[in-house]
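Colleague: got a predicted structure plus its sequence, pasted below:
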Amino acid sequence: MMKNERMRQILALLEEQEAGSVADLAKQFQVSKETLRRDLRQLQAQGKLLRQHGKATLIQRDVTEAATAFSDRSKSHTQRKRELVEQALAWLSPGMTLALDASSTCWHLAKRLPNSEMTVVTNSFRICYEVEKKTRITLICCGGWLDRKSASYRHDLPLALLKDLDLDLFIFSCDGIDNEGNIWDSGGHNAPLKQLMLKRAAQSLLLIDKSKMGRKSVVTLGHIDAVTTVIKG
């Protein structure tokens, strides 16, 4: 495993379990303790984690969407999100299989979906609630344990499910796009699912607030070149 990929996975792991010892992390990533310490020193220098008493702890960034509860995110920048949703609706067509991430922007979109023949795939509890009301839509819920803060389900099962599912369109949001065009997300259980949906979808649509341009977070989902269209609001 290349160093950058290992460091990305270290951050994703710490997002899940909050802290990890040098010994455990070195064993999990099959590297020496000294190699692991060098990785942690570099991540600490980047301001992404803290090292103390042989353990690494992720720095929680309350200023990012990732660290904000869904109930708060759903109420922020609502007008911009509605404008993004209006543009996204033009991409929908009857009979398509549509994947939606667990972002508050896609929740606003779910509320505006027409009650027509299509399939919606999501791991978002809130989106499932909205889509369930639309009886002509087939709903595939990527279930698991409910993470109440993000209002999304978490489990390895969705990854196995999506490997055999063809998606016509994946609509998602993110924490930021840096100056090199890399798409950044908060990590945790949603990032691997987003990465897989992006690969499985014939087309993809990224909805992003302009304030997130030039920003980084914890995990890169890919490059904007892999996205069909980016809509900025």
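Modeller: Perfect, thanks for sending it. In this text the structure is predicted, and so the values were computed from the model without any measurement.

Colleague: rest of the way, CA atoms for contacts and neighbours
Modeller: Noted.

Colleague: list the contacts of stretch 184-195.
Modeller: The contact list for stretch 184-195 (Cα atoms under 8 Å, 6 or more residues apart in numbering) reads 11-13, 15-16, 66, 101-102, 154-155, 158-159, 172, 174-178, 215-222.

Colleague: narrow the residues you listed to those that are buried.
Modeller: 11-13, 15, 66, 101-102, 154-155, 158-159, 172, 174-178, 216-222 (16 or more other Cα atoms under 10 Å).

Colleague: so which of these belong to strands?
Modeller: Counting by DSSP state E, the part of the buried ones among the contacts of stretch 184-195 found in strands is 154, 172, 176-177, 219-222.

Colleague: let me see the domain layout of this structure.
Modeller: 3-58, 65-232 (automatic domain parsing).

Colleague: apart from its chain neighbours, what residue comes closest to Lys81?
Modeller: Leaving aside its chain neighbours, Lys81 sits nearest to Thr105 (5.7 Å; criterion: Cα to Cα, 6 or more residues apart in numbering).

Colleague: now do the strands in the chain.
Modeller: Secondary structure of the chain (DSSP E): strands at 19-21, 49-52, 55-58, 97-100, 118-122, 137-141, 145-147, 152-154, 167-172, 176-177, 182-185, 201-208, 219-223, 229-232.

Colleague: ranking those strands by mean pLDDT, which is last?
Modeller: Of all these, the minimum mean pLDDT falls on strand 49-52 (a mean of 73).

Colleague: out of the strands of the chain, the one nearest Thr78 is which?
Modeller: Closest approach to Thr78 among the strands of the chain is made by strand 201-208 (12.4 Å; Cα to Cα).

Colleague: who's in contact with the closest one?
Modeller: Contact partners of strand 201-208, identified using Cα under 8 Å, 6+ apart, comprise 84, 88, 105, 166-174, 176, 198, 227-233.

Colleague: what pairs with it, parallel or antiparallel?
Modeller: Strand 201-208 pairs in its sheet with strand 167-172 (parallel), strand 229-232 (parallel), by DSSP bridges.
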